[in-house]
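> Here is a sequence with its predicted model. Questions after.
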Number of protein chains: 2
Amino acid sequence: MTKEKPVRLTRLELEVMGAVWALGSASVREIQEQLPERKRPAYTTVQTIIYRLEEKGAVRRVKKIGNAHIFEAVVTRKAAHGRLLDELLHVFGGSPRSLMAQLVETGQLTLQDIRELESTLGELELNKSAKGSGGGEKQSRRAGRKAK
Amino acid sequence: MTKEKPVRLTRLELEVMGAVWALGSASVREIQEQLPERKRPAYTTVQTIIYRLEEKGAVRRVKKIGNAHIFEAVVTRKAAHGRLLDELLHVFGGSPRSLMAQLVETGQLTLQDIRELESTLGELELNKSAKGSGGGEKQSRRAGRKAK
DNA sequence: ACAATTCAACCACAGTTGTAGTAGCCTCAA
DNA sequence: TTGAGGCTACTACAACTGTGGTTGAATTGT
């Protein structure tokens, strides 16, 4: 199974990972150019970050084209995002609700959004229960918390 | 309006701020003791953090009891949480939805939760439009002094 | 085959964070 | 008044972060 140790990514590392996720696999140069020009670090800076990410096991070299190494993500975007979310939740006292509440209060999430999400979610739930269990899903389910 | 410069709080700083927010106002000793014993740093560590928070303008000394300074938060919990949320949203591509989606996918947020939130929110919206905007919704003011 | 490009590998370095020790001032109880 | 113990103010310091320079090897166009 996918037993991953919790890699902690810093802001810049996340930025770079974002580029890697977007590109699938790429060279340092490509990754650098993928970053928004406004805050694009020097080539060597990106290189350093990639190396650190490699040490952390977040990316790996897959092959070599010309003299350039091609990297790809080992840690999935979902996993990384999940980690971040968990940390944020901890700060928010562990409750996803207060988090949502905050989003709503600041107007970053509207009743509209919620309704849409709800219906979309409703369908998903339906599909899921309709198809029963398949086989390929390896997503970590750790449901079971406070019920209703 | 509350024009605050974006103070960036680290994990430990947030932990300490959490204690400060919970206590209302307190001495370093009280803050330290408020932290969960499992990961309770040494007194001087908390002291250092408080000083750094003071420099950052996140807390301030309000008075002195005996020879101990009493601190209180300057940055509100809401402001700090908002900041964090914004940063997280940025990582999530700016969309609160993908964030929610992730919460749902990992089962940390159920359809139930959403429905409840939705109705609660519905009421809030009503109140808001009924009262107009403006409002100084100050959060719970608790200042339980218990100096020895 | 060579010069011009590109990369990879290292190295450097200051600022931030987490963690805590020490010296000495203050207060309060006796 | 005096001593004990709590607090403050400093100091230390290693690991982690953000940023990028330098050097020399690999690749490529001509």
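Yes, it's here. Computed from a predicted structure; not experimentally measured. Numbers count the residues shown, from 1 in each chain, chains lettered A, B, ... in the order given.

> Geometric centre of chain A: which residue is closest?
residue A:77 (2.8 Å; CA atoms, centre = their mean).

> which residues does residue A:43 contact?
A:28-29, A:32 (CB atoms under 8 Å, 6 or more residues apart in numbering or on different chains). Using the backbone N, CA and C atoms, a C-beta is placed for each residue, glycine as well.

> Can you tell me which of those are buried?
Those of those that meet the buried threshold are A:28, A:32, by 16 or more other CB atoms under 10 Å in any protein chain shown.

> Out of the contacts of residue A:43, flag the one nearest to DNA strand D.
residue A:32 (10.0 Å; CB to the nearest atom of the strand).

> Is that closest one in contact with residue A:48, as I believe?
No. Here residue A:32 lies out of contact with residue A:48, judged by CB atoms under 8 Å, at a distance of 11.3 Å.

> Contact partners for the residue nearest to the centre of chain A?
Contacts of residue A:77 (CB under 8 Å, 6+ apart): A:17, A:21.

> pLDDT wise, what is it at?
For residue A:77, the model assigns a pLDDT of 95.

> Would you check that residue A:81 makes contact with residue B:93?
No. Residue A:81 is beyond contact range of residue B:93, at 9.7 Å (criterion: CB under 8 Å).

> Look at the two and report which has more neighbours.
Between residue A:81 and residue B:93, counted using other CB atoms under 10 Å in any protein chain shown, residue A:81 has the larger neighbour count: 22 against 12.

> contacting residues around that one?
B:91-92, B:102.

> any chance of those residues in CSV, plus distance to residue A:73 and secondary structure?
CSV is the format used below for those (distance: CB to CB, whole Å; DSSP: H, G, I helix; E, B strand; the rest coil):
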residue, distance to residue A:73, secondary structure
B:91, 15, helix
B:92, 16, coil
B:102, 17, helix
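
> Among the residues you listed, show me the least confident.
Comparing those by pLDDT, residue B:102 comes last, at 85.

> which SS state does the closest residue in space to that one that isn't next to it in sequence fall under?
Spatially, and ignoring its direct neighbours in sequence, residue B:102 is nearest to residue A:81 (5.4 Å; CB to CB, 6 or more residues apart in numbering or on different chains). Recorded secondary structure, residue A:81: helix (DSSP: H, G, I helix; E, B strand; the rest coil).

> mind listing the strands in chain A by residue range?
A:25-26, A:59-65, A:68-73 (DSSP state E).

> mind checking how far the most far-flung residue of chain A relative to its centre is from residue A:90?
Farthest-out residue of chain A from its mean C-alpha position, per CA atoms, centre = their mean: residue A:66, at 30.2 Å. From residue A:66 across to residue A:90, the span is 45 Å (CB to CB, to the nearest Å).

> Could you check the pLDDT of the residue nearest to residue A:65 when sequence neighbours are not counted?
Spatial nearest neighbour of residue A:65, chain neighbours left out: residue A:27 (7.1 Å); criterion: CB to CB, 6+ apart. pLDDT recorded at residue A:27 is 97.

> near DNA strand D too, which of the contacts of residue A:43?
Among the contacts of residue A:43, not one lies near DNA strand D by CB under 7 Å from any atom of the strand.

> Quickly name whichever of the contacts of residue A:43 is closest to residue A:59.
Taking CB to CB as the measure, residue A:59 sits nearest to residue A:28 out of the contacts of residue A:43, at 10.6 Å.

> right, and residue A:58 touches residue A:71 too?
No. Taking contacts as CB under 8 Å, residue A:58 lies outside contact range of residue A:71: 9.8 Å.

> What about the residue nearest to residue A:61 when sequence neighbours are not counted, how many residues nearby?
Excluding the flanking residues, the one nearest residue A:61 by CB to CB, 6+ apart is residue A:69, at 4.7 Å. Residue A:69 has 17 neighbours, counted by other CB under 10 Å.

> Next: residue A:84.
Residue A:84: 20 neighbours (other CB under 10 Å).

> quick revisit: so how far is DNA strand D from the residue nearest to residue B:102?
17 Å (CB to the nearest atom of the strand, to the nearest Å).

> how about residue A:117, what does it touch?
Contacts of residue A:117 (CB under 8 Å, 6+ apart): B:97, B:100-101, B:104, B:114.
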